[in-house]
Every structure is written in structure tokens, then in C-alpha cells.
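Chemist: structure for this input, please:
(2 chains)
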Amino acid sequence: QKEVEQDPGPLSVPEGAIVSLNCTYSNSAFQYFMWYRQYSRKGPELLMYTYSSGNKEDGRFTAQVDKSSKYISLFIRDSQPSDSATYLCAMSLYNAGNMLTFGGGTRLMVKP
Amino acid sequence: GAVVSQHPSWVICKSGTSVKIECRSLDFQATTMFWYRQFPKQSLMLMATSNEGSKATYEQGVEKDKFLINHASLTLSTLTVTSAHPEDSSFYICSARDVTGDQPQHFGDGTRLSIL
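Modeler: Prediction:
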């Protein structure tokens, strides 16, 4: 069993839909949770970063962390074709900049 | 936001040659840089952790003599793929950790390496 599980998709939605992306993890010691967006042949771009449990909102993006369930989510409102990319969840133990454990990534396609 | 520059973005070379990839933090100092490898439709696989002024720490299964890492300054780390072969063809990505504060890693745009 992988330490961080993420549905690979692809997830196809119409433009304007609300998208829900999720990861589950097994190590309860993880404290820092990140979501990265990766376009084809590009490096990952940091979207959201949260510490411990709770919600964080930034524009159309909302990140949720439920440490009791070992479950994190990223919601994208009013999805756009430009949101089409692979979304990677990542987490670390003692510091946000420490070694990251990645999920496998979910490929999202937003159709106009 | 923090910028990490990776160069070259794409390189094609003959089998047996060595290739150097540079990773620079442009607007912050990075005591630690990470090197990843990514195969198509897969997630990032950590190869090594590079700390400024000291030897890199390699992940299990990564050949340190094959993938030479140097981190000579707070803004530059290099990965040299020595005597590259077709099986070394991949997408290599670096990331950097800001020396100040508790911030997530920032990633470069990757280097696509093709060995003929």
C-alpha cells in the first residue's frame, strides 16, 4: 500500500463545474499538506499549502485537511479549461520545506 | 513568488556522453535542493537531497556515481548524468527550499533528457 493514495483519473468535467480532488494517507505524523498543479512537460506549481487540519481558501481554490480521517481535498470552483492539468497532493512531516511524499497525481480535463 | 530556474529545458545527446543540468534559485537562498525524476504519467520520484556545502544524500536505488550532484552555493545546484544511456532518458526536476522560514518547496520547470 502506498503511503499517499490519489485517484489517477482522468477526471473530465464541463467548464464551470465544481471539481473535487482527494488524497488519503497512512502516516498520521504528516503535518504539512500541499497541492501542486503540473502542466504537461512543466514542473509542479504550488497551489495551496496548509498546516494541520482545517480549511484554506484562495480564489477559486479551497483546500481541506481532515487529519482524523487522514484525508485531504482540493476543491476548484467555476472550473476553466486552463485548469486542465495534473494535480499532485504532497505532504511532509516536520517542516513545509522538508522531503515531500507525493500522491500519484490526478489528471483533470475541463471541457469548454 | 519564489522562482527556481532550471537549465536546459530539453537536451538530446548521444549515448555515452555526460549531461549537466543546472538548478538556480533566483530570488531566494536555498540551503537544500531536491532532485526528482518523473516518468510519463507517473508522479515525481525523489532521487537525492542536496545541502549547500555538503555531500548529497541519495535515495535507495539511485546510483551516486551515475548521478553526480553538486551544491556549491546557496543559489545553485547541478546534476550531472554521467555516461548517459537510453534508459536514463526521463524528465528531471529540481526544487529548492528557502533558507528563511517554514515554506514549501518551489520547483523548476524540469529538464527533458533524451539519450539516443
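
Chemist: residue contacts, residue B:91?
Modeler: Residue B:91 sits next to A:41, B:37-40, B:110-113 when contact means CB atoms under 8 Å, 6 or more residues apart in numbering or on different chains. To be clear about C-beta, it is placed using only N, CA and C from the backbone, and glycine gets the same treatment.

Chemist: so which of those belong to helices?
Modeler: Using DSSP state H, no member of the contacts of residue B:91 sits in helices.

Chemist: as JSON lines, these with pLDDT would be great.
Modeler: JSON lines is the format used below for these (pLDDT from 0 to 100):
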{"residue": "A:41", "pLDDT": "90"}
{"residue": "B:37", "pLDDT": "96"}
{"residue": "B:38", "pLDDT": "95"}
{"residue": "B:39", "pLDDT": "92"}
{"residue": "B:40", "pLDDT": "89"}
{"residue": "B:110", "pLDDT": "96"}
{"residue": "B:111", "pLDDT": "97"}
{"residue": "B:112", "pLDDT": "97"}
{"residue": "B:113", "pLDDT": "97"}
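
Chemist: of those, grab the buried ones for PyMOL.
Modeler: Here is the PyMOL command that selects the buried residues among the contacts of residue B:91 (16 or more other CB atoms under 10 Å in any protein chain shown):
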select buried, chain B and resi 37+38+110+111+112+113
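
Chemist: from the contacts of residue B:91, which single one is nearest residue A:30?
Modeler: residue B:38 (21.7 Å; CB to CB).

Chemist: excluding covalently adjacent residues, which one is nearest to that closest one?
Modeler: residue B:91 (4.5 Å; CB to CB, 6 or more residues apart in numbering or on different chains).

Chemist: run through the bridge partners of the one you found.
Modeler: Beta-bridge pairing of residue B:91 under DSSP bridges involves residue B:38, residue B:112.

Chemist: how near is it to residue A:21?
Modeler: 22 Å (CB to CB, to the nearest Å).

Chemist: ok, residue A:7 next?
Modeler: Counting by CB to CB - residue A:7 and residue A:21 are separated by 8 Å.

Chemist: what do those two both touch?
Modeler: In contact with both residue A:7 and residue A:21: residue A:106, using CB under 8 Å, 6+ apart.

Chemist: so the two - more neighbours on which side?
Modeler: residue A:21 (22 against 15; other CB atoms under 10 Å in any protein chain shown).

Chemist: the helix or strand hosting that one near chain B anywhere?
Modeler: Under the criterion of DSSP states H and E, residue A:21 resides in strand A:19-25. No - counting by CB under 8 Å from any CB of the partner chain, chain B has no neighbours in strand A:19-25; the shortest distance is 11.3 Å.

Chemist: in its sheet, what does that strand sit against?
Modeler: If you go by DSSP bridges, strand A:19-25 pairs up with strand A:4-6 (antiparallel), strand A:71-76 (antiparallel).

Chemist: what is the mean pLDDT for the shortest one?
Modeler: Spelled out, that is strand A:4-6. Strand A:4-6 comes out with an average pLDDT of 94.
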